[in-house]
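Engineer: sequence unknown, structure follows:
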């Protein structure tokens, strides 16, 4: 029988893992909401990068002589601006929700602390 030990794990990393496990046991919905927030934040970053890239590509392909007269480009700029604002608002709401979740998780920190010392 062979057991592999990972000596790279830090005490703080172990605390975070234990905290997530304890909260998942005690308040499953809270940990699920936190996981969904992380997923949503990653999706926001991808969407924003896509909109920015698409806008830059359109600007790059536009004729420099008529760039200010391009209705298509103006619409794309407005759409990008609108989408960026929606994403920004969603990120602000997500940060507020994350603060509430973190406050709720704080009561379980002593358990994670004790477990990480074992």
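Structural biologist: Arrived safely. Since the model is a prediction, treat every value here as computed from it, not as a measurement.
Engineer: residue ranges in this structure under the pLDDT threshold?
Structural biologist: 1-8 (pLDDT under 70).
Engineer: in it, which spans are helices?
Structural biologist: Assigned by DSSP state H, the helices in the chain fall at 11-26, 28-61, 71-105, 109-117.
Engineer: who does the shortest one touch, helix- and strand-wise?
Structural biologist: Using 3 or more Cβ pairs under 8 Å, 6 or more residues apart in numbering; DSSP states H and E as the contact definition, the elements that helix 109-117 packs against are helix 11-26. All C-beta spots, glycine's among them, are computed from the backbone N, C-alpha and C.
Engineer: buried residues of the helix it packs on, list them for me.
Structural biologist: 14-15, 18-20, 22-23 (16 or more other Cβ atoms under 10 Å).
Engineer: for stretch 56-74, same thing?
Structural biologist: Applying 16+ other Cβ under 10 Å to stretch 56-74 flags 58, 62, 73 as buried.
Engineer: which other residues reach it?
Structural biologist: residue 76 (Cβ atoms under 8 Å, 6 or more residues apart in numbering).
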